[in-house]
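Participant: let me see the structure of the following:
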Amino acid sequence: MRKLALGEPGDIAAVPQMKNAVGRWVGAPRSQKATRWKARTYVRGFDGGRSEITRFARTRREAEAAVVEAVREFLRAGDAQLTASMSLVAAGELWLDQIDRPDSGKSRRTIADYAGLWKSYVCGVDSSLRQLTLAQANDPQRLRLFLQGIADTRGTVSAQKTKALLSNVLEYAVVNDVLADNAIRRVRAVKAKVAKPKARNHTRAMTRAERDHLITAAYDTAAKAGLNPRALRKRQTTADLIAFLAGTGVRIEEARRLRWPDVHLSKARVYIRGTKTQMSDRRLNMPQWLVQRLSERAERTGTQGLVFASPAYLNEPEIPWNQSNSSGAVRDALDAAGLTWAVPHTFRRTVASLLDQAGAPIASIADQMGHADVSMTARVYLGRDLKGDKGDLAAML
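Facilitator: Got it, this is the predicted structure:
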């Protein structure tokens, strides 16, 4: 056997095999009788040690290809975490760790959403991908069937989000030379066999009357007698959060991260530290009715730490109210007020619409929303009325 250089593999030897009468694997006399192939080579690592690598497969070509891939991984293993033979679940965790870095450009909300999707759908007990390696999962047929299952049980939108998530993980493997291609690119868009009825309306804004009714209902709920201290704190925090969202149009994640030093009640101003882009950092003026609500909150809770700290704890202003619980509390308040069609993001659309109806310039509305692109505000947040009365426009002509 010739001497191998550091990092050099030897020639691959492949032999056909079959089972004998007692069920043991032995060499097949002819390749036509083979029921599997054994491929083997030796490789010298960068530490100078020589290792044997053996793989089995149905055909000679597959066995040799498996050895080539195993050698590639062996030589990478010293300084690389990501390999094709690791589990898809572990590969996804590595990708999540990467996007959790400051240089990823991902917002905290986006990272949390991705992590939740990964845990619920890919790592779930009923996931067909959970037990597969990264290489095994990178198969168009497997991916398509997996996504179709999600579409049929969880809805088309969930399948679309999961497809984007899997594509990110597989692309991460491609750019790191672990996979040759991203198989999900060959999977068409999937849709549920039967479309789910839409209980929520993500394109509608509240009227001013609906907004005011919701705020009043939330504070009425908090004012009910006989509440235990924890339930009272939760209802008061929910009402104050709703008022803040309705009076500013900030993202719920931005509200959850708001700290008292950034609230200037005497000037009716608040500094919002954005979660999306640099343009998300902005200073907003608050309406007087909201200043009054926050002043009352300051008297109850003090002005240290987070404005909307977790209501589950007494005198713990640094414990954040997690995204799931805070969104759930707002959801309950919307349902109780009869606004079952609305979602927490409806507050942003409502503020943009009310400002537009009042004649505010589109650029000012974009500044309020924290949008870097003014066209985003016009395209997504401001409602269109193609079939309504346009007598006011006619009068201008």
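
Participant: could you pull out the strands in the stretch 1-150 of the chain for me?
Facilitator: Under the criterion DSSP state E, counting those that start in this stretch, the stretch 1-150 of the chain carries strands at the ranges 13-19, 25-27, 36-44, 50-57.

Participant: highest average neighbour count across those?
Facilitator: For those, the largest average neighbour count (mean count of other CB atoms under 10 Å) is found in strand 36-44, namely a mean of 19. Where you see a C-beta, it was placed from the backbone N, CA and C, and this is true even at glycine.

Participant: quick revisit: now the strands of the stretch 1-150 of the chain in JSON lines, with distance to Ser127?
Facilitator: Formatted as JSON lines, those follow (distance: least, CB to CB, whole Å):
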{"stretch": "strand 13-19", "distance to Ser127": "34"}
{"stretch": "strand 25-27", "distance to Ser127": "33"}
{"stretch": "strand 36-44", "distance to Ser127": "29"}
{"stretch": "strand 50-57", "distance to Ser127": "26"}
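
Participant: quick one, which of those strands gets closest to Lys191.
Facilitator: Nearest of those to Lys191, taken as CB to CB: strand 50-57 at 36.1 Å.

Participant: which residues touch the closest one?
Facilitator: With CB atoms under 8 Å, 6 or more residues apart in numbering as the test, strand 50-57 has contacts from 4, 9, 17, 36-45, 63, 65-67, 70-71, 74.

Participant: before we move on, the earlier item: need the strands of the stretch 1-150 of the chain in JSON lines with mean pLDDT, can you?
Facilitator: Putting these into JSON lines (pLDDT from 0 to 100) gives the following:
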{"stretch": "strand 13-19", "mean pLDDT": "94"}
{"stretch": "strand 25-27", "mean pLDDT": "93"}
{"stretch": "strand 36-44", "mean pLDDT": "92"}
{"stretch": "strand 50-57", "mean pLDDT": "92"}
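
Participant: nearest to Ala358, of the ones you listed?
Facilitator: Closest to Ala358 of those, according to CB to CB: strand 50-57, at 69.9 Å.

Participant: pairing partners for the closest one, with directions?
Facilitator: strand 36-44 (antiparallel) (DSSP bridges).

Participant: how much does the partner strand deviate in direction from strand 13-19?
Facilitator: 150 degrees (axes from the mean of the first three to the mean of the last three CA atoms, to 10 degrees).

Participant: now strand 36-44, how far from the centre of its chain.
Facilitator: What separates the centre of strand 36-44 from the centre of its chain is 42 Å, taken as CA atoms, centre = their mean, to the nearest Å.
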